[in-house]
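1. let me see the structure of the following:
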Amino acid sequence: MGTALLSLQQTSTDSRLSRSLWFHGALITFHADSKDTGGKFARLEFSGGPGGEPPRHVHKNEDELFYVIEGRLQVFRGEEELILHAGDSVFLPRLVPHTFKVLSNSARGLVYLTPGGFEGYFRELGQPAAKLALPQTAPPLDVEKMVRTGNRYGITFLP
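-> As a prediction, this is how the structure comes out:
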């Protein structure tokens, strides 16, 4: 657990940049991943705007907790529809279909995944961030690769 504490305390721009990637038009920074926590959890920060959200999906292996720092999200959890503002959070349990939409010009938040490991999905499909800002353009979405990679990480995308 000492490694997680060190990771969470790192604040230099270079350190954050080395732990950040661009993923479908969003910036994701890994504050703690399964290597830091012995597989117990991962915590990441996301920033993005409308259009880069995931399709409705189900996680087989992990629970998620979203905390909104800035902006506004519309979250679909099972049959529920929730509107989250800065300071709000939502629990997304495994095996429950969910997705979200960014309702504001941009949004920023924290995601806690337990157990850890799913952060590898973002690493496989993303690219290292060149700066701590949103990318100018997002590469075209390769749905087949997203589905194949998702299957390896226990995620199923729904129609």
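2. any weak-confidence spans in this structure?
-> Applying pLDDT under 70 to the chain picks out residues 1-14.
3. where along it do the strands fall?
-> For the chain, the strands defined by DSSP state E occupy 20-23, 26-32, 42-48, 57-59, 63-70, 72-77, 80-85, 89-92, 98-102, 107-114, 127-128, 155-157.
4. tell me which other helices or strands the fifth one touches.
-> To tie it back to what came earlier, the one meant is strand 63-70. Secondary-structure packing of strand 63-70 (3 or more C-beta pairs under 8 Å, 6 or more residues apart in numbering; DSSP states H and E): strand 80-85, strand 89-92, strand 107-114. (Glycine included, C-beta is placed from N, CA and C.)
5. list the contacts of the closest residue to Glu81 other than its chain neighbours.
-> Counting by C-beta to C-beta, 6 or more residues apart in numbering, Gln74 is the residue found nearest to Glu81 once chain neighbours are left out, at 6.7 Å. For Gln74, the contacting residues are Glu81, Leu82, Ile83, Leu84, Phe100, Lys101, Leu103, by C-beta atoms under 8 Å, 6 or more residues apart in numbering.
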